[in-house]
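# no FASTA, just this:
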Ligand SMILES: *Cc1c(COP(=O)(O)O)cnc(C)c1O
């Protein structure tokens, strides 16, 4: 199966589990791709909903592997806690992953042409609420969709802009994958697209001095010394891709890394820039417009090298020395 673009494709089966009377029920597969809900469900009235995104790859030797899913599991539970959603049991999360992958094997694209099966786990409040309170029933679902690259046809690199909108408050929900963070970014991102930019770069909301990230991907820079520099902030979503890039640089590639506050005024000091995330992988950035100033970046080899090292592990083309792949036994 070939996949292009990043769109929802309805596969035959998905995994589901229900939380009722204070406990999660047994996960199982269902063909039903729609959900019947109370009109006053917590997810509909107060956006009580969190999600994750991870990828399954079909390697050259036909193994089915998922990239670091235990980190998505842990992050999903962090998101659940903050949103008053009951956390999941690890065995249930992994059972869903295995059930889902095995039920949709023929829809897992060949990773050699950049394809993968994107996995979307999510949990939401399903019972009725009227006053502001948490639902007491919840639904967990995990579906898959075959995907190609997220940012398409931008081999020369992405054009970004620093936006006046804010993404996350200092003690808010920017550090978790709560659906509400993405609803509020739809307006700014559609404005960015209309003006010819692929994404918005958000600044810290309190002082508007420091770089945070984009609406759906973390940002990484390479400085003149070849050091990979990433922004440090409590309101950034802790990207598993970024974490993996930093580990790869330090442990495998011999590239120095630094996580620190990055001033928006420093944008012009870097030589390379990229966006990273499960969907974006590592997409090179060609320019960032900051007010009237356009800062341009050229590919200088570093981001390309990191991208290859990461994707070779994911595609099973390089040895998984850091033990990042979770194999689904067929
Ligand atoms: C999901 C997400 C990322 C990327 O995280 P990964 O774990 O690498 O997929 C980055 N920023 C935001 C805002 C996100 O929602």
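Yes, it's here. Owing to the predicted nature of the structure, the values given are computational and were not obtained by experimental measurement.
# find the nearest non-adjacent residue to the closest residue to the ligand within the stretch 1-150 of the chain, please.
Here the residue of the stretch 1-150 of the chain nearest the ligand is residue 53; by CB to the nearest ligand atom that distance is 5.4 Å. Backbone N, C-alpha and C define where each C-beta goes, glycine included. Sequence neighbours aside, residue 278 is the residue nearest to residue 53 in space, at 4.8 Å (criterion: CB to CB, 6 or more residues apart in numbering).
# for that neighbour, what are its contacts?
Applying CB atoms under 8 Å, 6 or more residues apart in numbering to residue 278 gives the contacts 53, 54, 55, 67, 118, 240, 241.
# can you check the pLDDT for it?
We note a pLDDT of 96 for residue 278 in this prediction.
# how much space between it and residue 166?
Plainly put, residue 278 is 24 Å away from residue 166 if you go by CB to CB, to the nearest Å.
# for residue 324, same thing?
Residue 324 sits 33 Å away from residue 166, going by CB to CB.
# got it, and residue 9?
33 Å.
# which bits of the chain sit near the ligand?
By CB under 6 Å from any ligand atom, the part of the chain that sits against the ligand consists of 53, 177, 213, 216, 217, 218, 237, 239, 240, 241, 277, 278.
# can you put the residues you listed in TSV and add secondary structure?
Below are these laid out as TSV (DSSP: H, G, I helix; E, B strand; the rest coil):
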residue	secondary structure
53	coil
177	coil
213	coil
216	coil
217	coil
218	strand
237	coil
239	coil
240	helix
241	helix
277	strand
278	coil
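# walking through the stretch 1-150 of the chain, point out its strands one by one.
Assigned strands in the stretch 1-150 of the chain, in chain order: 14-20, 23-24, 28-30, 49-51, 54-58, 64-67, 116-125, 138-147 (criterion: DSSP state E, counting those that start in this stretch).
# meant to ask about the stretch 201-330 of the chain, not that
Assigned by DSSP E, counting those that start in this stretch, the stretch 201-330 of the chain shows strands spanning 218-222, 228-231, 257-260, 272-277, 281-290, 293-296, 325-328.
# reformat those strands as TSV; add distance to residue 250 and mean neighbour count.
Below are those laid out as TSV (distance: least, CB to CB, whole Å; neighbours: other CB atoms under 10 Å):
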stretch	distance to residue 250	mean neighbour count
strand 218-222	14	25
strand 228-231	9	23
strand 257-260	6	13
strand 272-277	16	26
strand 281-290	16	21
strand 293-296	27	13
strand 325-328	19	17
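# turn these into CSV, including distance to residue 316.
What follows is those, written out as CSV (distance: least, CB to CB, whole Å):
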stretch, distance to residue 316
strand 218-222, 24
strand 228-231, 25
strand 257-260, 25
strand 272-277, 20
strand 281-290, 16
strand 293-296, 36
strand 325-328, 7
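# who are the contact partners of the residue nearest to residue 29 when sequence neighbours are not counted?
Leaving aside its sequence neighbours, residue 29 sits nearest to residue 13 (CB to CB, 6+ apart; 4.8 Å). Neighbour list for residue 13: 29, 30, 31, 100, 103, 104 [criterion: CB under 8 Å, 6+ apart].
# make it 10 Å
Residue 13 sits next to 28-33, 99-100, 102-104, 107, 143-144 when contact means CB atoms under 10 Å, 6 or more residues apart in numbering.
# re earlier: among the residues of the chain next to the ligand, which two are most distant?
The span of the residues of the chain next to the ligand, defined through CB to CB, is set by 53 and 213 at 14.8 Å.
# those two: which has the busier surroundings?
Counted by other CB atoms under 10 Å, residue 53 and residue 213 do not tie: residue 213 has more neighbours, with 27 against 16.
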